[in-house]
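# how would this look folded up:
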Amino acid sequence: MSLDASLRVGASVPTGAQSPGGNGSGTVESVTGAAPGIVDNTDPANPVVQAQFGADTTVKLPNSGAALVDALHLIASLTNNAPGSEASKWLIRLLSGGVQGDALSIEPNALGVGDRLYFLNDAGQDTYLQRTENTISFFCAGVFVAAVNTGGLLLNPSIGAQLIWAGTTAGLYYNSATGRISVHSAGTVGNVQLGEDAVMDTAATGGFPTIPQMAGPPTGVPANVPAGQVPMVISNPGDSASKLWFFLNGVWVSTTLS
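Below is the predicted model:
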């Protein structure tokens, strides 16, 4: 069935109609005696696997050259045609670059879209999810914020994207086979926990927090240190004596380790 730009889909037309034609309104509920190239979805001997919205429904619109093009293509199909177990799918195809392609697929438990999903009530439509090969990216106000792929979660460092949480029990929790990091929210005074919720065994070989070391006393001035934080490092035995160093009030101070 083809619909021209002046046709409004509305009240149904009799079963067996193949095209309402003209400038009236109508929908096709079923098709009998299907024309060549159109699947007959009422013939029990020809069960529906790729029936198309009562037949093949397209909406034709004129381009700037006055030629009619298939601006919209609707396809309804049964993915399961066993009596009592029928399942259906609805596919919408649209034009892009003069070529018609899948734009939206609707199934009972799934919704498929093209490469971008945005929100109609967003005035600029510039907050959206976008797909590239094996990657889903999130854009806010047109700016890339984060992406997820097989490597994990990536935050855009160029805009200072952060993981932020709130509340009295929320927190950031990481657990692996060898250790754990828990960053607690303000409800637990913002504590940072390194390791499991248990006393470590004296023979433990994993689960230790670590800090960096250097060959001698530190001389550089740490940059970009968050307010209220103190850099620290250990000088290894290359120094006269191993020391734990802290950068306090603009200078390095240390305590000797033994």
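
# Could you tell me the end-to-end distance of stretch 59-73?
The first residue of stretch 59-73 is 7 Å away from its last residue (Cα to Cα, to the nearest Å).

# domains of this protein?
As given by automatic domain parsing, the domain ranges for the chain are 2-114, 115-162, 163-210, 213-256.

# What's the end-to-end length of the third one?
Here the two ends of domain 163-210 are set 23 Å apart, with distance taken as Cα to Cα.

# Make 716 the first number, not 1, from now on.
I'll keep to 716 as the first residue from here, and by that count the last item is domain 878-925.

# Can you give me the buried ones in stretch 793-812?
Judged by neighbour count (16 or more other Cβ atoms under 10 Å), stretch 793-812 contains these buried residues: 793, 804, 806, 808, 810. For the C-beta atoms, the positions are set from N, CA and C on the backbone; glycine is no exception.

# One more: stretch 934-947?
Neighbour-count burial for stretch 934-947 [16+ other Cβ under 10 Å]: 946-947.

# Could you list the residues in contact with it?
Identification of contacts with stretch 934-947 by Cβ atoms under 8 Å, 6 or more residues apart in numbering yields 926, 959-963, 965, 967.

# now these as TSV including secondary structure, distance to Ala797 and pLDDT?
Shown next, in TSV, are those (DSSP: H, G, I helix; E, B strand; the rest coil; distance: Cβ to Cβ, whole Å; pLDDT from 0 to 100):
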residue	secondary structure	distance to Ala797	pLDDT
Ile926	coil	64	88
Leu959	strand	72	93
Trp960	strand	73	94
Phe961	strand	72	96
Phe962	strand	72	96
Leu963	strand	75	95
Gly965	coil	78	93
Trp967	strand	76	96
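
# Now which of those would you call buried?
960, 962, 967.

# Quickly note the distance from the first one to Ala942.
The one in question is Trp960. 20 Å (Cβ to Cβ, to the nearest Å).

# How about the second one?
Phe962 sits 14 Å away from Ala942 when distances are taken as Cβ to Cβ.

# Could you do the last one as well?
Distance of Trp967 to Ala942, computed by Cβ to Cβ: 19 Å.

# Partner strands of the longest strand along the chain and their direction?
Identified as the longest strand of the chain according to DSSP state E is strand 783-795. Taking DSSP bridges as the criterion, strand 783-795 forms sheet pairs with strand 772-777 (antiparallel), strand 802-811 (antiparallel).

# want to throw these into CSV with distance to Asn951?
Converted to CSV, the strands paired with strand 783-795 look like this (distance: least, Cβ to Cβ, whole Å):
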stretch, distance to Asn951
strand 772-777, 74
strand 802-811, 61
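
# can you redo those strands as CSV with mean pLDDT?
Output for these, formatted as CSV (pLDDT from 0 to 100):
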stretch, mean pLDDT
strand 772-777, 84
strand 802-811, 87
